[in-house]
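S.K.: The sequence isn't on hand, but the structure is:
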């Protein structure tokens, strides 16, 4: 019996290019520009010098964000792995997504402030860039010298007619322990939360965590960041474009403190009023009323993440349905996720599937 030799088989796997050389150069250039100008802005003291740096930074980044770069960034819009907006989703009031020029402007601002267009670090709300919890958390975690960062939110409670959440936070910074303390001297700072008809305990906790990470960042770095668009009135993401009229701002009086190496607490200037201290010579009554801002969908996404993920997932699945492909599984999944999606999104997705089915019948 003669043995037959089996020819050797070769496994040839085609090389996968993760990032082409042109895109790699572009990404490197954007990182360099954003890093260079962010550092310059952080150290600039003279107001007019800072103004010129800001103008140059915007110009440089807008020039670098060419059509190829923006095409890749637009692909990340309204996906949890990218960044969310209040437009362009089935649940949005305005189904038309933001124009590329608006997105570019918001991305430029985000990059200069250290927020990335991935992992839902910022949202675009009412045509403006809105940093959210993921972004502030990452910025805190990347502060040079910080270790053992621990942030624990309490249960949302009503405090003098205002929804509030006390958040305990501690960390080591260059070997020295720091923490957030309340005005009562106990661990934890209380953050007022504006609620709306879509709010729930998880949602409120997420808003408080965003504020807590922002407070920690400002406390450790010693820099006051531009105020986030505070939680507004009735806002599902679809309603973000119609903002409330000006009204006074309510804040619980809290003091953020840093503990030094001897265990003594050092008050942070301006924090006695929850960070809202009036400038010298101007009292609380003289401060102009501030416009209430919408709830950031990023915080809804952090703690309502399942809802937003499901919406993004179904939109992608239905959009990418091939002609003749069965819609039965999608309809079954929609029925299963009806409660998570809510009536508006559920109805919108069922309608999209119906339109796909009608289009398929016409092709036949």
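M.R.: Thanks, I have the structure now. Keep in mind the model is a prediction, meaning the values are calculated, not measured.
S.K.: can we go C-alpha only for contacts and neighbour counts from here?
M.R.: Noted.
S.K.: and residue 192, backbone torsions?
M.R.: Per-residue torsions, residue 192: phi -70, psi 140 (degrees, to the nearest 10).
S.K.: Can you verify my assumption that it contacts residue 162?
M.R.: Yes. Applying C-alpha atoms under 8 Å, one finds residue 192 in contact with residue 162, separated by 6.6 Å.
S.K.: Looking at these two, which is more packed in?
M.R.: Shown here are residue 192 and residue 162; by other C-alpha atoms under 10 Å, residue 192 has more neighbours (25 against 16).
S.K.: separation between that one and residue 121?
M.R.: Counting by C-alpha to C-alpha, to the nearest Å, the separation of residue 192 from residue 121 is 22 Å.
S.K.: Against residue 59, how distant is the nearest residue to residue 80 once chain neighbours are set aside?
M.R.: Distances taken as C-alpha to C-alpha, 6 or more residues apart in numbering place residue 120 nearest to residue 80, at 5.8 Å, with adjacent residues excluded. According to C-alpha to C-alpha, residue 120 stands 25 Å off from residue 59.
S.K.: which one of these two has more residues nearby?
M.R.: residue 120 (28 against 12).
S.K.: so what pLDDT did that one get?
M.R.: We have a pLDDT of 93 for residue 120.
S.K.: In contact with residue 134, which residues?
M.R.: 119, 120, 121, 122, 210, 302 (C-alpha atoms under 8 Å, 6 or more residues apart in numbering).
S.K.: My error: substitute residue 153 in the last question.
M.R.: 165, 166, 167, 168, 205, 208, 209.
S.K.: Over to residue 81?
M.R.: 118, 119, 120.
S.K.: ok, which stretches of this protein are helices?
M.R.: Listed in chain order, the helices of the chain (DSSP state H) span residues 21-43, 47-64, 67-74, 100-112, 133-141, 201-221, 297-303, 305-319, 328-336, 338-363.
S.K.: closest one to residue 175 among these?
M.R.: helix 201-221 (12.7 Å; C-alpha to C-alpha).
S.K.: ok and that closest one relative to helix 133-141, angle-wise?
M.R.: If you take axes from the mean of the first three to the mean of the last three C-alpha atoms, to 10 degrees, helix 201-221 sits at 30 degrees to helix 133-141.
S.K.: which helices and strands does helix 201-221 pack with?
M.R.: helix 133-141, strand 146-153, strand 162-173, strand 189-192, helix 297-303 (3 or more C-alpha pairs under 8 Å, 6 or more residues apart in numbering; DSSP states H and E).
S.K.: For burial, what's the neighbour tally of the closest residue to residue 76 other than its chain neighbours?
M.R.: Leaving aside its sequence neighbours, residue 76 sits nearest to residue 82 (C-alpha to C-alpha, 6+ apart; 4.4 Å). Residue 82: 19 surrounding residues under other C-alpha under 10 Å.
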